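[1] Dropping the sequence and predicted coords here.
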Amino acid sequence: MASKTTNPFTFLQQVRAEGEKVTWPTRRETMVSTLMVLVMAFLMAMFFFAADQLMGWGVGFVLGLGQ
């Protein structure tokens, strides 16, 4: 696979041109997205905590049957 070498100045111009094409989120969009991530992370943490507690209780119950 042959690579075409590019002048560093041309490369920087291309990077700048591509950066100008990016549609950046507004402050409100960023805040809403951040809030949604935090809420979902909290909900998932609660779910996995409950699942872990339930499985721990179940394993303890099964292992305790032999006594």
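    Thanks, I have the structure now.
[2] Per-residue pLDDT of Trp24, please?
    pLDDT, Trp24: 88.
[3] So it: helix, strand or coil?
    coil (DSSP: H, G, I helix; E, B strand; the rest coil).
[4] Report how many residues lie close to it.
    Neighbour count for Trp24, taken as other Cβ atoms under 10 Å: 7. All C-beta atoms are positioned from the backbone trio N, CA, C, and that covers glycine.
[5] likewise the one 5 residues further on?
    A total of 10 residues lie near Glu29 under the criterion other Cβ under 10 Å.
[6] need the strands for the protein, in chain order.
    For the chain, no strands are identified by DSSP state E.
[7] pull the longest helix from this structure.
    helix 27-64 (DSSP state H).
[8] So which bits of that helix are buried?
    Buried positions in helix 27-64, judged by neighbour count with 16 or more other Cβ atoms under 10 Å: none.
[9] how far is that helix from where the chain is centred?
    15 Å (Cα atoms, centre = their mean, to the nearest Å).
[10] helices or strands next to that helix in the packing?
    If contacts are counted by 3 or more Cβ pairs under 8 Å, 6 or more residues apart in numbering; DSSP states H and E, helix 27-64 sits against no helix or strand.
[11] can you list the weak-confidence ranges in this protein?
    1-3, 66-67 (pLDDT under 70).
[12] Taking the centroid of it, which residue is nearest it?
    Val37 (8.2 Å; Cα atoms, centre = their mean).
[13] Met31 versus that one, what's the distance?
    Shown here: Val37 relative to Met31, a distance of 11 Å by Cβ to Cβ, to the nearest Å.
[14] give me the number of residues near Asn7?
    8.
[15] Backbone torsions only: list them for it.
    In terms of degrees, to the nearest 10, the main-chain angles of Asn7 are phi -60, psi 130.
[16] In contact with Thr30, which residues?
    The contact partners of Thr30, by Cβ atoms under 8 Å, 6 or more residues apart in numbering, come to none.
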